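> 3D, please:
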Amino acid sequence: MEREEILDHDTTLEHALDVARANQKEAKRLLDGARAAHAAGDVTAERVSQLEALLAIADEDLKRVVREQ
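Model prediction:
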């Protein structure tokens, strides 16, 4: 497992931006893994669709946080 860095934030918005970026990165990692597993027959297309939706939500959240900066 990756070592998580503890960052000092001057504002709540900086913290929210870091969290949104981390969530997007994790959603992308999960989706990439699911796509590879689906190609190997280990994961259903439904699960890939769920993770695509999760990534879309993470993308929207990151855009919202960036707008609020």
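> mind listing what's buried in the longest helix seen in the chain?
The longest helix of the chain (DSSP state H) is helix 12-39. Neighbour-count burial for helix 12-39 flags Ala16, Leu17, Ala20, Asn23, Gln24, Ala27, Leu30, Leu31, Ala34, His38 (criterion: 16 or more other CB atoms under 10 Å). C-beta coordinates here come from the backbone N, C-alpha and C atoms, glycine included.
> what residues are up against the residue nearest to the spatial centre of the chain?
For the chain, the residue whose C-alpha lies nearest the mean C-alpha position (CA atoms, centre = their mean) is Gln24; its distance is 2.3 Å. By CB atoms under 8 Å, 6 or more residues apart in numbering, the contact list for Gln24 reads Leu55, Ala58, Asp59, Asp61, Leu62.
> For it, give its distance to Gly41.
Taking CB to CB, to the nearest Å as the measure, Gln24 falls 28 Å from Gly41.
> What of Ala27?
As defined by CB to CB, Ala27 lies at a distance of 23 Å from Gly41.
> mind showing which ranges of the chain have poor pLDDT?
Applying pLDDT under 70 to the chain flags residues 1-9.
> let's see 90
1-14, 68-69 (pLDDT under 90).
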